[in-house]
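S.K.: how would this look folded up:
(one chain, ligands or ions: 1)
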Amino acid sequence: MDSPATFALYGLGAAAAVASFVKVKARLELSRAKHRSLAGHARLARRVAALVPYYEYDEARFFCSDGAPDEVVARRHAAFARLAELYRARFARTAALSAEAKESISDLQFTEAYRVPFQYREAVRANLPVGAFMASSAGVTLTDLDGNRFYDLTGSYGVNLFGNDFYKECLEAGLAQARDLGPVLGPYHPVIAENVKRLREISGLDEVSFHMSGTEAVMQAVRLARYHTGRRRLVRFTGAYHGWWGDVQPGVGNPLPARDTYTLKEMSEDTLRVLRRRRDIACVLVNPLQALHPNAGPAADSSLVDGGGAARFDRAAYADWLKRLRVVCSERNIVLIFDEVFVGFRIAPGGAQEYFGVKADLVTYGKTLGGGLPVGVVCGRKELMKRFRDDRPADVCFARGTFNSHPYVMTAMHEFLTALKRQDVRALYQGLDQRWNARADDLNRRFADEELPVRVANLSSIWTVCYTAPSRYNWMLQYYLRAEGLALSWIGTGRLIFSLNYSEADFEAVAERFLAAARAMRADGWFWAPHGATNKSIRRRILREMIAHRLFPRRA
Ligand SMILES: Cc1ncc(COP(=O)(O)O)c(C=O)c1O
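M.R.: Below is the predicted model:
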């Protein structure tokens with residue numbers, strides 16, 4: 001007969017088995033909620049990235065990396081020389097100062113190195129220098145040091161919502177208003193009271209904190225969520241950018257693993273299941289810009305090795321997703337954070353909350369809100385914003401920052417927030433989506449009519465270029481666009497940001513230049529692809545190249 005001790009052992013064994021079953025099940029659910037791409041597997045992505053060898057194409061291979069016939073290669077060769085000559089002549093002063101500055105500005109070295117797939121990098125860098133300087137801005141244009149005028153499609157990383165002249169006015173008026181107090185830090189400039197009132201109205205939330213960048217606002221929102229829930233884990237979605245703080249940037253780009261971050265699939269039942277079951281999740285961080293390309297990073301020409309990814313914005317589907325997410329977060333006391341640093345004020349005066357009809361617990365803003373100066377803001381529910389506990393005085397959630405309520409930033413912000421109420425500014429929001437959708441549709445129709453393999457997808461005034469045919473040279477389009485007088489940010493055709501003051505005539509000028517650039521690309525042979533080529537076949541070919549260079553660096 002079994003002794004009581006044996007029964008106790010059986011009992012313990014059974015409990016251990018149940019506990020490990022529950023653990024394994026939770027682990028499996030978490031795995032299922034990860035996107036199947038590398039971007040959904042941060043640790044694996046870092047390991048794979050570490051294996052990618054550097055190699056570059058010699059002059060001959062540069063033009064025929066896809067096995068193009070001699071006639072196409074000759075056209076590409078001649079076009080490249082012509083474009084290089086145009087860049088040399090037209091951008092001489094701007095390029096010279098950029099080359100000098102690059103020697104000692106690490107940021108420039110980085111952006112320069114990541115404009116095109118690395119195999120083509122050196123030849124492009126030597127022949128098609130992109131200037132790092134502009135001398136002036138007016139209307140929707142920028143002028144470089146050589147006097148070339150470009151239509152501004154950079155949108156100053158999203159800051160430029162109403163046109164550069166608008167921000168110049170905010171800055172000048174803000175400067176005048178802050179002059180008496182000057183750069184005094186610690187005591188507030190009185191406009192802060194008004195800013196807080198407006199931000200509470202706009203966000204529909206109770207309290208506000210000021211920071212110096214969007215990255216810091218996100219850091220603080222997540223820290224508050226952890227403090228108040230007593231949980232560690234943060235959920236972010238595949239491909240979403242939330243600034244460069246380590247916890248929101250697991251995977252490539254961050255030398256350390258982000259151990260408390262779960263990167264999950266967006267618009268997925270599997271993710272909701274994880275949120276419903278786990279007890280360690282403090283917050284879910286949403287970047288509503290991802291609605292344009294859920295579960296993928298922003299397209300960038302540096303990784304445009306084939307036809308590139310698809311993008312399509314479905315407002316109703318994304319709103320439905322956010323609503324379901326809201327319900328689960330409320331049920332589980334998970335803090336729902338909308339990171340509106342990019343889309344705030346751009347898609348509606350009340351941002352993504354208004355646009356998608358979903359309330360968040362905490363919202364981060366930045367970029368355009370500073371009226372042209374750097375800023376980050378967190379708005380939140382009262383109980384989540386509190387940084388100390390009445391009953392435990394030593395238990396605090398610390399957040400400071402020397403420049404966090406700088407008088408000049410606050411007065412420029414005040415100008416921005418005051419302008420939002422103006423009739424002419426309100427008018428820009430009228431029919432906003434219809435206007436930008438119609439412009440995108442019109443351009444796409446013209447691409448289709450001319451059988452050009454280029455399309456655009458848009459979330460209101462935020463656009464991305466897609467390619468309907470696989471080619472190893474789609475990244476070249478950025479250089480044709482610049483030659484046509486369109487200014488792009490360093491990720492090139494991956495993101496075009498329009499300011500809302502683009503008139504029909506301005507837009508038509510951009511559309512014509514786009515078409516001209518795409519026509520020239522085709523005439524010069526860059527859209528040529530081998531019969532039957534697919535994105536998959538191109539990627540397989542590149543993978544074989546990489547393996548060869550990794551295993552036999554001398555022979556490859
Ligand atoms: C959604 C989002 N969050 C955070 C940030 C970081 O803001 P900042 O560059 O001001 O630190 C960005 C910047 O692009 C962003 O787009």
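S.K.: Count residues in the vicinity of the nearest residue to residue 462 once chain neighbours are set aside, would you?
M.R.: Take residue 462 and drop its neighbours on the chain: the residue closest to it by CB to CB, 6 or more residues apart in numbering is residue 497, 5.8 Å away. Where C-beta positions appear, they are placed from N, C-alpha and C, glycine not excepted. Burial measure for residue 497: 21 neighbouring residues, criterion other CB atoms under 10 Å.
S.K.: try residue 269
M.R.: 11.
S.K.: again with residue 516
M.R.: In terms of burial, residue 516 registers 15 neighbours under the definition other CB under 10 Å.
S.K.: what does the model give the closest residue to it other than its chain neighbours for pLDDT?
M.R.: Of all residues beyond its chain neighbours, the one nearest residue 516 is residue 484 (5.5 Å), with distances taken as CB to CB, 6+ apart. The predicted local confidence for residue 484 comes out at a pLDDT of 98.
S.K.: just the strands in the stretch 51-200 of the chain please.
M.R.: Secondary structure of the stretch 51-200 of the chain (DSSP state E, counting those that start in this stretch): strands at 136-138, 141-143, 149-152.
S.K.: Contacts made by the first one with the rest, please.
M.R.: Judged by CB atoms under 8 Å, 6 or more residues apart in numbering, the contacts made with strand 136-138 from elsewhere in the structure are 142-143, 152, 164-165.
S.K.: ok, those residues vs residue 238, which is closest?
M.R.: Distance ranking of the contacts of strand 136-138 against residue 238, using CB to CB, places residue 152 first at 30.3 Å.
S.K.: Could I get the contacting residues of the residue nearest to residue 516?
M.R.: Remark: with contacts taken as CB under 8 Å, 6+ apart, residue 484 is in contact with 513-514, 516-517.
S.K.: Could you identify which of those residues has the most neighbours?
M.R.: residue 514 (26 neighbours).
S.K.: circling back: which members of the contacts of residue 484 are the farthest-apart pair?
M.R.: Of all pairs drawn from these, the greatest distance, 7.3 Å, lies between 514 and 516 (CB to CB).
S.K.: Per-residue pLDDT of the residue of the stretch 1-150 of the chain found nearest the ligand, please?
M.R.: Across the stretch 1-150 of the chain, no residue is closer to the ligand than residue 107, which sits at 12.4 Å (CB to the nearest ligand atom). Residue 107 is assigned 96 on the pLDDT scale.
S.K.: Check the one 4 residues further on too.
M.R.: The score at residue 111 is 95. That number is its pLDDT.
S.K.: isn't it right up against residue 489?
M.R.: No. Residue 111 lies out of contact with residue 489 (CB atoms under 8 Å); the separation is 9.1 Å.
S.K.: of all of the stretch 51-200 of the chain, which residue lies closest to the ligand?
M.R.: The ligand sits closest to residue 157 of the stretch 51-200 of the chain, with a gap of 5.7 Å, by CB to the nearest ligand atom.
S.K.: Please report how far the residue nearest the centre of the chain lies from the ligand.
M.R.: In the chain, the residue lying closest to the centroid (CA atoms, centre = their mean) is residue 241, at 5.0 Å. With distances defined as CB to the nearest ligand atom, to the nearest Å, the gap from residue 241 to the ligand amounts to 5 Å.
S.K.: can you tell me which residues contact the closest residue to that residue other than its chain neighbours?
M.R.: For residue 241, the nearest residue in space outside its immediate sequence neighbours is residue 287; the separation is 6.4 Å by CB to CB, 6+ apart. For residue 287, the contacting residues are 237, 240-242, 339, 342-343, by CB under 8 Å, 6+ apart.
S.K.: JSON lines for the residues you listed, including secondary structure?
M.R.: Below are these laid out as JSON lines (DSSP: H, G, I helix; E, B strand; the rest coil):
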{"residue": "237", "secondary structure": "strand"}
{"residue": "240", "secondary structure": "coil"}
{"residue": "241", "secondary structure": "coil"}
{"residue": "242", "secondary structure": "coil"}
{"residue": "339", "secondary structure": "strand"}
{"residue": "342", "secondary structure": "coil"}
{"residue": "343", "secondary structure": "coil"}
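S.K.: which one among those gets closest to the ligand?
M.R.: Out of the contacts of residue 287, the member with the shortest distance to the ligand (by CB to the nearest ligand atom) is residue 342, at 3.6 Å.
S.K.: these two touch, right, the closest one and residue 158?
M.R.: Yes. Assessed by CB under 8 Å, residue 342 is found in contact with residue 158 at 4.8 Å.
S.K.: what about whichever residue of the stretch 151-300 of the chain sits closest to the ligand, how many neighbours?
M.R.: Per CB to the nearest ligand atom, the residue of the stretch 151-300 of the chain with the smallest distance to the ligand is residue 214, at 2.3 Å. Neighbour count of residue 214, defined by other CB under 10 Å: 30.
S.K.: Equivalent analysis for residue 54, please.
M.R.: A total of 10 residues lie near residue 54 under the criterion other CB under 10 Å.
S.K.: Do I have it right that residue 273 meets residue 31?
M.R.: No. Taking CB under 8 Å as the definition, residue 273 is not a contact partner of residue 31, at 11.8 Å.
S.K.: Please enumerate residues in contact with stretch 117-129?
M.R.: Identification of contacts with stretch 117-129 by CB under 8 Å, 6+ apart yields 54-57, 59, 62, 65, 80, 83-84, 87, 91, 95, 98-99, 112-113, 115-116, 302-305, 475, 479, 545.
S.K.: next one: stretch 172-191
M.R.: In this structure, residues lying in contact with stretch 172-191 by CB under 8 Å, 6+ apart are 371, 373, 402-403, 405-408, 410-415.
S.K.: Neighbour-wise, which one of those residues leads?
M.R.: Result: residue 413 is most packed of those (other CB under 10 Å), 30 neighbours.
S.K.: Contact partners for it?
M.R.: For residue 413, the contact set (CB under 8 Å, 6+ apart) comprises 174, 191, 195, 369-371, 373, 375.
S.K.: Pull out the buried residues from stretch 183-202.
M.R.: Across stretch 183-202, burial judged by 16 or more other CB atoms under 10 Å covers 188-189, 191-192, 195-196, 198-199, 202.
S.K.: returning to what we had before: give me the buried entries from the contacts of stretch 117-129.
M.R.: 57, 62, 65, 80, 83-84, 87, 91, 95, 98, 112, 115-116, 302-305, 475, 479, 545.
S.K.: What separation do you get for residue 382 and residue 220?
M.R.: 16 Å (CB to CB, to the nearest Å).
S.K.: More neighbours: the two, which one.
M.R.: Neighbour tally, residue 382 and residue 220, criterion other CB under 10 Å: the higher count belongs to residue 220, 26 against 9.
S.K.: Need the per-residue pLDDT for that one.
M.R.: What the model reports for residue 220 is a pLDDT of 98.
S.K.: Surely it touches residue 377?
M.R.: No. Look at residue 220 against residue 377 with CB under 8 Å: they stay out of range, at 9.7 Å.
S.K.: and for the two, which residues touch both?
M.R.: Both residue 220 and residue 377 are contacted by 209, 211, under the criterion CB under 8 Å, 6+ apart.
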